[in-house]
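Trainee: when you get a sec, could you give me coordinates for this:
(chains A and B)
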Amino acid sequence: MSSGSASERVYRMLLCLYPAEFRRRYGEEMARAFRDLRRAALRKQGRAGLASLWLRALGDLATSAVTERWEAMKREVAWAYVLVLLAGAAAGYVDLHNDEVQACLILMLPAGFFAGLLQPRGAWRWALVLGLGVPVAHLVARLVGYRPPYPVQPNDFAVLLALIPAFVATYAGVAARWFAGAVGETA
Amino acid sequence: MNLATDPEIPLPLTPAAFHILLSLSGGERHGYGIMQDVAAHTGGALRMGPGTLYGSLKRMLAAGLVAEAEERPDPELDDERRRYYRLTDFGARALAAEAERLERAVRVARARHVLGERQPGTGGAP
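Mentor: Just a heads-up that it's a prediction; the model follows:
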């Protein structure tokens, strides 16, 4: 195996640092561009040129892979934030106008479950945002002087209990994802 | 309309995006061709790696600054088919707007003697 093909193989392996979608679309073109750069570097400067190319390539890989990973992560989590923010805000609104706990749970449980199921990484974020909907709504209501049409608990921290179903639902989704993955692997 | 104040044009462009557009203003090029051209027209000061190039192209495609052209072999390299990229009309407007913006900055720099004023017959900067 020539040093050239070894360089290209190592470069192709390093492409796994990029998100899968980016790699599928541009991986082949990137490997081809690296091969052309390697040939030009060897032709002009020999092994010193190849070493210099690798130094630049590693720096390029590190910075651009982090950028692409960050962009992909932002795209993946954006919808999850929207889902739990809307559900949390809706649960807060409902809780201010209705003293039935079930009404809030109908909104919170499916939202938390689906957020955890579809985006299990960092699921505590979805649970926290979802569960803070009710306490934040009560805080805003107090600031603007709104009183719910039912006797309010004297303990202000009681509204933080909304975090419990939020975490339970979200991590139930995470568990379902894990279970589905485990079943898929054994099937 | 003043290109620099066109709200649709995302100014300032990143250095990589500007130089890619500048390279494509000379015609369709494939990735390696863009890298070579950018290194040549910057005197080697900007040597983009494949990751920076294709990351920038991805964002520029999404913004409509460049478009994919057909795949074809480069007769100067080999007979392998390569994806070519071309400048769009919007990309050409963005390139002109960014060049105008940079030109204004250079004019200010000259007026404030940040850059050496080259006088005819003096043989260069002071």
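Trainee: tell me the pLDDT at the residue nearest in space to the middle of chain B?
Mentor: Closest residue to the average C-alpha location of chain B: B:His19 at 2.3 Å, with Cα atoms, centre = their mean. Looking at B:His19, its pLDDT reads 96.
Trainee: just confirm B:Gly91 contacts B:Met60, I think it does.
Mentor: Yes: with contact defined as Cβ atoms under 8 Å, B:Gly91 reaches B:Met60; the gap is 7.3 Å. Glycine gets a C-beta too; all of them are placed from N, C-alpha and C.
Trainee: and the residue nearest to the centre of chain B, how far is that from chain A?
Mentor: Separation of B:His19 from chain A (Cβ to the nearest Cβ, to the nearest Å): 15 Å.
Trainee: not counting sequence-adjacent ones, nearest residue to that residue?
Mentor: Nearest in space to B:His19, with sequence neighbours left out and distances taken as Cβ to Cβ, 6 or more residues apart in numbering or on different chains, is B:Val38 at 4.6 Å.
Trainee: and that neighbour, how many neighbours?
Mentor: Other residues within reach of B:Val38, judged by other Cβ atoms under 10 Å in any protein chain shown, total 23.
Trainee: what does the helix or strand hosting it contact?
Mentor: Of the helices and strands defined by DSSP states H and E, B:Val38 is found in helix B:31-41. Residues lying outside helix B:31-41 but in contact with it, judged by Cβ atoms under 8 Å, 6 or more residues apart in numbering or on different chains, are A:29-30, A:32-33, A:36-37, A:40, B:19-20, B:22-24, B:26, B:29, B:46-48, B:50, B:53-54, B:57, B:74, B:77, B:82-83, B:85.
Trainee: quick check: which element contains A:Ala111?
Mentor: Applying DSSP H and E as the criterion places A:Ala111 in helix A:101-118.
Trainee: which neighbouring elements make contact with that helix?
Mentor: In this structure, helix A:101-118 makes packing contacts with helix A:20-97, helix A:123-131, helix A:163-186, judged by 3 or more Cβ pairs under 8 Å, 6 or more residues apart in numbering or on different chains; DSSP states H and E.
Trainee: can you check what angle separates the longest one from helix A:101-118?
Mentor: Helix A:20-97 and helix A:101-118 meet at an angle of 170 degrees, taking axes from the mean of the first three to the mean of the last three Cα atoms, to 10 degrees as the criterion.
Trainee: any idea of the angle helix A:20-97 forms with helix A:123-131?
Mentor: Comparing the axes of helix A:20-97 and helix A:123-131 via the same axes, to 10 degrees yields an angle of 30 degrees.
Trainee: helices and strands around helix A:20-97, which ones?
Mentor: Other helices and strands packing on helix A:20-97, by 3+ Cβ pairs under 8 Å, 6+ apart, are helix A:3-14, helix A:101-118, helix A:123-131, helix A:133-144, helix B:31-41, helix B:50-63, strand B:81-87.
Trainee: could you rerun that using 7 Å?
Mentor: With contacts defined as 3 or more Cβ pairs under 7 Å, 6 or more residues apart in numbering or on different chains; DSSP states H and E, helix A:20-97 has these neighbours: helix A:3-14, helix A:101-118, helix A:123-131, helix A:133-144, helix B:31-41, helix B:50-63.
Trainee: gap between the helix holding B:Val38 and the chain center?
Mentor: The chain centre lies 10 Å from the centre of helix B:31-41; the measure is Cα atoms, centre = their mean, to the nearest Å.
Trainee: next one: stretch A:34-50
Mentor: How far stretch A:34-50 lies from its chain's middle: 39 Å, per Cα atoms, centre = their mean.
Trainee: buried ones in that stretch?
Mentor: Buried residues in stretch A:34-50, defined by neighbour count with 16 or more other Cβ atoms under 10 Å in any protein chain shown: A:Phe34, A:Arg35, A:Asp36, A:Leu37, A:Arg38, A:Ala40, A:Ala41, A:Leu42, A:Gly49, A:Leu50.
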